[in-house]
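**Q** Give me a model of this one.
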Amino acid sequence: MATTAAAEWEYRNDYFTIDIRESGQTPGGYLFSSGLSISMFHPIIWGRTGICSNAAFKGLQQLRADVSYYALQRGIVTSNASRTDSIRAKHAHGWYQEDPLLLENATPEAVQDILAFAARNLVQTILTASHPEVSLPAGDLEPKQMQRFLESLGIPNYVEMAPPPIARQQAA
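**A** This is a model prediction of the structure:
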């Protein structure tokens, strides 16, 4: 019996991972998974958004919706997928993962396009919330290049350097 390896595309660095692989359920079916390290993003986002509003966490949640819309614009049907192997299991403590998204009727070329879109979209969404003055460099960034860019935005002593908390005005 001959077997073929399932196709898989991955964008991975120390900050986040995006994984797209054949679902094995239907021809043209792929599973889109994404996860990120909250602690790696702390030096970039700490103190820049409101309480209970972590820009990295929210960016990852928004990514799933943005990828679904991006895929739908290209004629790719999206739906919820049952959870499969965990991205968190491949990484250290502090990783958050969204539920996978099933992409149906996709071509390998469309999957590669979605992967590139997703990497840029995730980082730009996080930057828009935490550093609206910063934009990603033009062009596609390889995972290591993206990591160096994100490292350049981090503040080593971020807890001490964070803006002061928003204080309510006291009644006179």
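
**Q** counting contacts, what elements does the longest helix belonging to the chain pack onto?
**A** Counting by DSSP state H, the longest helix found in the chain is helix 108-130. Here helix 108-130 touches strand 8-12, strand 16-22, strand 30-37, helix 38-45, helix 55-73, helix 143-153, going by 3 or more C-beta pairs under 8 Å, 6 or more residues apart in numbering; DSSP states H and E. The way it works is simple: take the backbone N, C-alpha and C, and place the C-beta from them, glycine included.

**Q** May I have the strands that pair with the shortest one, each with its orientation?
**A** Taking DSSP bridges as the criterion, strand 8-12 pairs within the sheet with strand 16-22 (antiparallel).

**Q** Where does pLDDT dip in the protein?
**A** Under the criterion pLDDT under 70, the flagged ranges of the chain are 1-6, 50-52, 83-93, 163-172.

**Q** again, 80 this time
**A** Applying pLDDT under 80 to the chain flags the ranges 1-7, 24-27, 49-53, 82-94, 158-159, 161-172.

**Q** gap between residue 60 and residue 75?
**A** 25 Å (C-beta to C-beta, to the nearest Å).

**Q** and these two? which has more neighbours close in?
**A** For residue 60 versus residue 75, neighbours defined as other C-beta atoms under 10 Å are more numerous around residue 60 (23 against 10).

**Q** My guess is the more buried one contacts residue 38. True?
**A** No - counting by C-beta atoms under 8 Å, residue 60 sits too far from residue 38 to count as a contact (9.2 Å).

**Q** Touching both of these two, which residues are there?
**A** Counting by C-beta atoms under 8 Å, 6 or more residues apart in numbering, the residues touching both residue 60 and residue 38 are residue 96.
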